[in-house]
Every structure is written in C-alpha cells, then in structure tokens.
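1. pasting the sequence and the predicted model now:
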Amino acid sequence: MHDNYSLYYMYALKICTDGAESRVLLGESFHHLGAYLPKNKQVIIITDGNVRKHYRELTDGFPVVEIGVGEQHKTVGTVENIYAALLDLNADRNSFIVAVGGGLVCDVAGFAASTYMRGIPFGFVSTTLLSQVDASVGGKNGVNFGGYKNMVGTFNQPQFVICDHDMLNTLPDAEFVSGLAEIVKAAAIRDAALFDYLEKHADEVLERKPDVLSHIITASVKIKAQVVENDEREQGERRILNFGHTFGHAVEVLSGVSHGEAVSVGMMIAARWSAGECGFPLGGVQRLEQLLQRLGLPVISAVPVDDVLQSAAKDKKKESGFIHLVLLNDIGKTEIRKTAVDEINRKLGNYYHATQV
Ligand SMILES: NC(=O)c1ccc[n+]([C@@H]2O[C@H](COP(=O)([O-])OP(=O)(O)OC[C@H]3O[C@@H](n4cnc5c(N)ncnc54)[C@H](O)[C@@H]3O)[C@@H](O)[C@H]2O)c1
Ligand SMILES: [Zn+2]
C-alpha cells in the first residue's frame, strides 16, 4: 500500500494484490471522472435509477445501462441483461465500464465487466457510505444465487474507485446509518484510536460534517486495504472483516433490516461472546453498545435465537461443522476462533440478548 497526495484529490490509496493494482481516490470529486478514464476507449456507465436521477450531470453524454434498485435485482438475470445491453452497444475489449452507485451496482457491474468477453476493464464511482468504506475496496464482485448472498462472483480489482464524500449528502438517513456500522466494525477490529474518535464525534458524524466524514472514511478504508492486501482471497486475516457478520447475516436474512443494522446486532452478539469466552472487558461491551446506539443502530433483534442458529449454521462460510468466529480481546484487537457448530448451538442463547451479559 502506498499513500500519495495530489492537488486533484484529497487522499489516494494504492491497493496492490496478486490480481492487480487499484487506486481508491478518497475525497475526489466525481466532476474529475474524465481524468481517470482511458483515452480512445468506449466508456459505458452502469448505474441504478435513483443514482441516475440525482447525478444526471455525471451520466449524461455516455451510453448508460440502468439496473433495478434493491437487493432483489442482484441476480444472474440482471447480469444477463447487462451482457445483452453491452452486446447492443457493440462493447468489446476496447470498452471501459464505470459503475456509478452503491455496493449493489458496483458488485453487479464489477462482475459483469469481469466476465463479459473474459473481462473488460472497469472503475467505480462509489456513491453510498457502505460502498465507500467497504464494498468498493477489495476486489470482490458478484451476485446472489440460490438464496445465498454473493454466491457467484469473481475477485477482480477496479482500476479506480472515486469516493466523492459530497455525494453522501443525497443519501437517505437509513442508508447513511447503515454504512456507519461498517466504520464502527473497522474501528472495533483494528483501530482503537478511530473508536475513540467516533465516540467523541458521534454527533458531528450524524450531521455529516465533511472533515469528520473524511477522517472516518479514510481511516476505515486504510484498515480494509491493509487487511485485503495481506490476504486477498480470505484464507486467514481477511476473516476479521467478518466481525459481526456471522450472526448479522442471519439477522439480515430473517428480519429484513438493513445490512448495517444487522451487522450492528451481530457485533453486539460477538462482543458479548468475546466477554464470556475470551476476556474482552465488560466495559468494552458497554462502549460498543453506547456508540452503536448513539449512531442510531440497534443492539438487539427480535428474531428468535433458534432461527438465527439455524440460519447461521447454513451459512456458506461454515466449514465442515465449524464456524470461524471473529472475537475481540480488546477494542482494536481480534481473535479468530474456529468454533464447532455444536458449541455455538449450546452457547448462543447466553450471548444473544443484552440482558444476559
Ligand atoms: N464487494 C464487497 O466487498 C461488498 C462489501 C460490502 C457490501 N457489499 C454489497 O453491497 C450491497 C449494499 O450496498 P449499498 O448499501 O451501497 O446498497 P445499494 O447500492 O443498493 O444502495 C442503497 C440505496 O441508496 C441509493 N443510493 C446510492 N447512492 C446514492 C446517493 N449518493 N444518493 C441517494 N441515493 C443513493 C441506491 O439507489 C439504493 O436505493 C449489498 O449487495 C452487499 O452485498 C459488497
Ligand atoms: Zn458488511
């Protein structure tokens, strides 16, 4: 990872993995997109209807492929529609795709670009908080299949990711708060100083103060970038990014709350488990709970614990009867515990509800 400043953007981070090199341009303006586009290539934009409505000045002048809004459109069928539109546009290896949108648009478009004609180059303009801090960094693209999230996909890096923080001003509150959960996650697993900062500046975070947003997004992206560089294909260290996600995914599927809300609940379960099983101080559990609540995120779920257990055991990350639980030893320090599903079945009830800490 190399840091590098320029007049054009506030902070650029180069992520180097086996696959390739990707530049994440934090604080860059979408008005500068042209500077990053390859010369003499046909540029095609993929976006969704919401984003297009807000940012016509960005998409006008390019051929645009529009996909549906919402997770139900993250399918192989949508990818087929994109292939068909690309064929209609005579797209070939000399074309370049720009996904303009949140995690969904970037995941679907990144996958379509990575597979159309065995792969054509692409870049992202990342428009949600969740996608700026998480989805657009790391090179995972894909779609849901057979009832499982992100079941079909590729590892392939975009050439650039423009993260224009001003675009977050048009984001609905619920989407903004959902993204905050991933920032708290990054702080909890790797960065005690960021955690302190979030506690001190929670109100300004909610007011979307530009310098505060810029600080917390940059810090989170650096954490993700470091982890991904060390372990692009999730053989070991990258698993820490799943903190709060093992049980969070189950809550998300079963209750239909947003990803961030589900991860928030999942982080609290993991924190209570950490306190009970690996010495995470109870004071740390309380700090996490207070921070999540101040940011407007839930800390418990009404989904019955038995349903969560059933769903978590079916998760594709389960490996022959074991689940890798990401636990905290302290704020900023993690431990991965390969835990038998039987043990999880026995113990989850103890840690599922806040009152049982
Ligand atoms: N590839 C990865 O590593 C990775 C990581 C985390 C999440 N994801 C994926 O990301 C997806 C969720 O991402 P998301 O939360 O960004 O969802 P999203 O792309 O569906 O965007 C959420 C909503 O916000 C709207 N929107 C986007 N930008 C806007 C803007 N600037 N102003 C106003 N409205 C805007 C969208 O139209 C949509 O309605 C999930 O499918 C998840 O699996 C991928
Ligand atoms: Zn997540």
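-> It's in. Residues are numbered from 1 along each chain as shown. Ligands and ions are numbered 1, 2, ... in the order given.

2. tell me the pLDDT of the closest residue to ligand 1 within the stretch 251-357 of the chain.
-> Using CB to the nearest ligand atom, the closest approach of the stretch 251-357 of the chain to ligand 1 is made by H259 at 5.9 Å. Where C-beta positions appear, they are placed from N, C-alpha and C, glycine not excepted. Model confidence at H259, given as pLDDT, is 92.

3. got the CA coordinates for stretch 261-277 in PDB?
-> Output of stretch 261-277 as PDB, limited to C-alpha atoms (Å, rounded to 0.1, in the frame of the first residue of the first chain):
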ATOM      1  CA  GLU A 261     -28.400  -2.700  11.300                       C
ATOM      2  CA  ALA A 262     -27.900  -6.500  11.200                       C
ATOM      3  CA  VAL A 263     -24.200  -6.100  11.500                       C
ATOM      4  CA  SER A 264     -24.700  -3.900  14.500                       C
ATOM      5  CA  VAL A 265     -26.700  -6.600  16.200                       C
ATOM      6  CA  GLY A 266     -24.200  -9.200  15.100                       C
ATOM      7  CA  MET A 267     -21.300  -7.100  16.600                       C
ATOM      8  CA  MET A 268     -23.100  -7.000  19.900                       C
ATOM      9  CA  ILE A 269     -23.600 -10.700  20.000                       C
ATOM     10  CA  ALA A 270     -19.900 -11.200  19.100                       C
ATOM     11  CA  ALA A 271     -18.800  -8.700  21.800                       C
ATOM     12  CA  ARG A 272     -20.900 -10.500  24.500                       C
ATOM     13  CA  TRP A 273     -19.500 -13.800  23.300                       C
ATOM     14  CA  SER A 274     -16.000 -12.300  23.500                       C
ATOM     15  CA  ALA A 275     -16.600 -11.100  27.000                       C
ATOM     16  CA  GLY A 276     -17.900 -14.500  28.100                       C
ATOM     17  CA  GLU A 277     -15.300 -16.600  26.300                       C
END
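
4. could you give the bridge partners of the spatially closest residue to T75 that is not a sequence neighbour?
-> Once flanking residues are discounted, T75 sits nearest to V143: 5.6 Å by CB to CB, 6 or more residues apart in numbering. Beta bridges link V143 to V152 when assigned by DSSP bridges.

5. so what's V143 up against?
-> Shown in contact with V143 (CB atoms under 8 Å, 6 or more residues apart in numbering): K74, T75, V76, T78, V79, D107, V108, F111, N150, M151, V152, G153.
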